[in-house]
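Asker: I need the structure of the sequence given here:
(2 chains)
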Amino acid sequence: MDKKVKTVGFKEGLGAGIVGLGLIYFFLPSMIQKIADLDFIQSEPFAMLSGTVLVLAVFTVAAGLVVMLANLNEE
Amino acid sequence: MATAQPVARKKSSSQIPLTYVVALVPVAIALNIVGGQINTALHLPTFLDMIGTGVVAIVLGPWWGALVGALTNLIGSFISGPINLPFAVCNIIGALVWGYGVRWGWGKKYWSFFLLNMLVAFFVSLAAVPIYVFLFGGATGHFADMMTAAFLAMGQNLIVSVFSSNILVSLADKILSGFVALAIIEALPASMTQGIELPKSTGLSRVLWIAGGIVLGLAIALIVTALQAG
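Answerer: Down below sits the predicted model:
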């Protein structure tokens, strides 16, 4: 009768956010190539990829800092 | 006995049942995608692709919101074209500002929640401008492009023109999205939203505040449209 409800906390949320970032990194090269193939785009794929990765790197660093600074030992 | 109680309370407030996550995250992604599609179809002076992000970032937490933002633009890039993917950065920034903003007390009062939505608009525009300018040369086919062209015609440079048009559209969009998200959160079961510091009001007052926020967002969108038409 005493059914235990499975719960998630900040740690799992942070992990999910990092997974989301990873998924973007995963599909970024092919999507950038598709963007570069569009008629009105004049930028080079390498420049677009580098720029996007630089911005996403900021989030990755932020997520890493949160892992270091947050108290994840709530359980 | 005296030390055990606060620990138990803290644990219950920071832990969310997994079923909430499983239920809310896919619905939020669907809400974002449908909102974005409606916006594109009707050529509205907004984006409407961050309502679900706002709901999840406020209810579940900023990084769950970031996941919703990332997945929204990732799935959106398969549905409506690759242009969506780089703008995942904006969706993630919006989730982090909404999520941390509410957790740092910016959601306690209606006026501070309004300011938080403006802050979201500012940071999202700040992230969107380099994407617009350096990736797409200033235009992606959105309503804001016409305003960018108007600012350029006034003699502004490309970065200032893109930022000026984007912040106007973003302000309307984030105020609208923030208050629609608040209305959705108010409709969620109380167990889902306990421990979240949101404006406390009841009955008609609550409805009026939320409706007021949505109307204000719509009014800004109308002003943007009128400016463009003029």
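
Asker: am I right that B:Leu115 is in contact with B:Trp106?
Answerer: Yes - counting by CB atoms under 8 Å, B:Trp106 is a contact partner of B:Leu115 at 6.9 Å. C-beta coordinates here come from the backbone N, C-alpha and C atoms, glycine included.

Asker: neighbour-wise, which of the two wins?
Answerer: B:Trp106 (19 against 13; other CB atoms under 10 Å in any protein chain shown).

Asker: my read: the more buried one touches B:Met118, true?
Answerer: No - if you go by CB under 8 Å, B:Trp106 and B:Met118 don't touch, sitting 10.6 Å apart.

Asker: contacts only, for residue 28.
Answerer: Answering for chain A, as no chain was given. Residues near A:Leu28 by CB atoms under 8 Å, 6 or more residues apart in numbering or on different chains: A:49, A:52-53, A:56, B:85.

Asker: wrong one, I was asking about chain B
Answerer: B:Ala28 touches B:52-53, B:55-56, B:68, counting by CB under 8 Å, 6+ apart.

Asker: before we move on, back to that, just the buried residues of the contacts of A:Leu28.
Answerer: Among the contacts of A:Leu28, those buried by neighbour count (16 or more other CB atoms under 10 Å in any protein chain shown) are A:49, A:52, A:56, B:85.

Asker: what is the nearest of those to B:Phe163?
Answerer: A:Thr52 (19.0 Å; CB to CB).

Asker: which strand or helix spans the closest one?
Answerer: Using DSSP states H and E, A:Thr52 sits in helix A:45-69.

Asker: now swap in B:Ser161 and tell me
Answerer: helix B:158-187.

Asker: so which bits of that helix are buried?
Answerer: The neighbour-count check on helix B:158-187 (16+ other CB under 10 Å) flags B:161-185 as buried.

Asker: still on that earlier bit, so which elements touch the helix holding A:Thr52?
Answerer: helix A:10-36, helix B:62-80, helix B:88-103, helix B:110-130 (3 or more CB pairs under 8 Å, 6 or more residues apart in numbering or on different chains; DSSP states H and E).

Asker: please save the CA atoms from stretch B:126-138 in CSV.
Answerer: Only the C-alpha atoms of stretch B:126-138 are listed here, as CSV (Å, rounded to 0.1, in the frame of the first residue of the first chain):
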residue,chain,number,x,y,z
LEU,B,126,21.0,40.5,-26.7
ALA,B,127,21.5,36.8,-27.7
ALA,B,128,19.4,37.1,-30.9
VAL,B,129,21.2,40.1,-32.4
PRO,B,130,24.5,38.3,-33.2
ILE,B,131,22.6,35.4,-34.6
TYR,B,132,20.6,37.7,-36.9
VAL,B,133,23.5,39.8,-37.9
PHE,B,134,26.4,37.4,-38.3
LEU,B,135,24.5,34.2,-39.3
PHE,B,136,21.6,35.5,-41.4
GLY,B,137,22.8,39.0,-42.5
GLY,B,138,20.1,40.7,-40.5
